[in-house]
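Participant: only geometry, no sequence info:
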């Protein structure tokens, strides 16, 4: 089964997305719903997806869970948002959300926090432990600036399943390699961490990127984590800033071309089932 382990949906008529600012993001400053994504999934034989939060909102998470419930299994999991800084209240919130739909993980826009050590805070660490106790994964949305704190969290919380989004946002457009490559290898040393091949074309030059600009970063992720801990994700519709859904999928196929067939299918689907405990 092929699974897109990372995409978004938002309805600007119901809920604003505060991060959608500026001319560069104008092409995606509109509503994106599942019926628009479905033909793209069908074209690539993708049977199910994981939808990921895009704002720090419990109400958005509830809406995504409701969409998943009504998707007839097309959306197999929701990575929502909950306040990790309230570890005492978090278990009750997670119980409520899990009763509303297929909640499989939690995410926060760490990259937008002023403090690059946000993950080191005692309240956040307690919130992460509550996620682990609830059997949920934590999606790490970080840039190289926050990767050291992400590595510390992965090291110190082996009971928590971490999924690194967008390969830690490597500086592809600048053509830089370190310290990102070493940081990725450090996180990959820990078996409680997995990594998504997602969001890479939007880290490259949106107008002029070529596969050879992106593939070295994707292949480094595969070499570091191994084919059993890497997940394919489209990052639709954000990916459309730099290319088409078919471009993203083609890159994943190129990056995994040297793998055995069963390893390739694991990256394209099976690993998402394990990472998120999908039914």
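Facilitator: Everything's here; your move. Quantities reported herein were computed from a predicted structural model and do not represent experimental measurements. Numbers count the residues shown, from 1 in each chain.
Participant: which residue is nearest the middle of the chain?
Facilitator: With distances taken as Cα atoms, centre = their mean, the residue of the chain nearest its centroid is residue 165 (3.9 Å).
Participant: And the top helix by length along the chain, what does it pack against?
Facilitator: Longest helix in the chain by number of residues, with DSSP state H as the criterion: helix 211-225. If you count contacts as 3 or more Cβ pairs under 8 Å, 6 or more residues apart in numbering; DSSP states H and E, helix 211-225 packs onto helix 180-188, strand 193-197, helix 245-255. Just so you know, the C-beta spots here come from the backbone N, C-alpha and C atoms, and that holds for glycine as well.
Participant: in the stretch 1-150 of the chain, which spans are helices?
Facilitator: In the stretch 1-150 of the chain, helices defined by DSSP state H, counting those that start in this stretch lie at 34-43, 58-69, 90-100, 122-133, 147-156, listed in chain order.
Participant: between the ones you listed, which one is nearest to residue 220?
Facilitator: Each of the helices of the stretch 1-150 of the chain was scored for nearness to residue 220 using Cβ to Cβ, and the closest is helix 147-156 (13.7 Å).
Participant: Now the element after that closest one, going C-ward?
Facilitator: Using DSSP states H and E, the helix or strand that follows helix 147-156 in sequence is strand 161-164.
Participant: quick one: contacts of that next one?
Facilitator: Identification of contacts with strand 161-164 by Cβ atoms under 8 Å, 6 or more residues apart in numbering yields 105, 132, 136-140, 142, 150, 153-154, 184, 187, 192-196, 231, 275-276.
Participant: redo that, cut-off 6 Å
Facilitator: 137-140, 154, 192-195, 275 (Cβ atoms under 6 Å, 6 or more residues apart in numbering).
Participant: any chance of those in CSV, plus neighbour count, distance to residue 60 and pLDDT?
Facilitator: Listed next are the contacts of strand 161-164 as CSV, based on neighbours: other Cβ atoms under 10 Å; distance: Cβ to Cβ, whole Å; pLDDT from 0 to 100:
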residue, neighbour count, distance to residue 60, pLDDT
137, 23, 18, 98
138, 25, 18, 98
139, 29, 15, 98
140, 27, 19, 98
154, 24, 26, 98
192, 17, 27, 98
193, 24, 26, 98
194, 25, 24, 98
195, 26, 25, 98
275, 25, 22, 97
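Participant: Just give me the closest of the residues you listed to residue 126.
Facilitator: The nearest member of the contacts of strand 161-164 to residue 126, counting by Cβ to Cβ, is residue 138 at 12.9 Å.
Participant: Tell me who's in contact with the closest one.
Facilitator: If you count contacts by Cβ under 6 Å, 6+ apart, residue 138 has them with 106, 128, 131, 160, 162.
Participant: so how many other residues sit close to the closest residue to the first one other than its chain neighbours?
Facilitator: By that I understand residue 106. Once flanking residues are discounted, residue 106 sits nearest to residue 82: 5.2 Å by Cβ to Cβ, 6 or more residues apart in numbering. Counted with other Cβ atoms under 10 Å, residues neighbouring residue 82 total 25.
Participant: And the one 5 residues further on, by the same measure?
Facilitator: As a burial measure, the neighbour count of residue 87 was computed by other Cβ under 10 Å and equals 18.
Participant: switch to numbering from 826
Facilitator: That works, and once the first residue is 826, the last one we named lands at residue 912.
Participant: give me the number of residues near the nearest residue to it once chain neighbours are set aside?
Facilitator: Nearest in space to residue 912, with sequence neighbours left out and distances taken as Cβ to Cβ, 6+ apart, is residue 951 at 3.7 Å. By the measure other Cβ under 10 Å, the count of residues near residue 951 is 15.
Participant: these two touch, right, residue 951 and residue 910?
Facilitator: No. In this structure, residue 951 is not within contact of residue 910 by Cβ atoms under 6 Å, at 9.1 Å.
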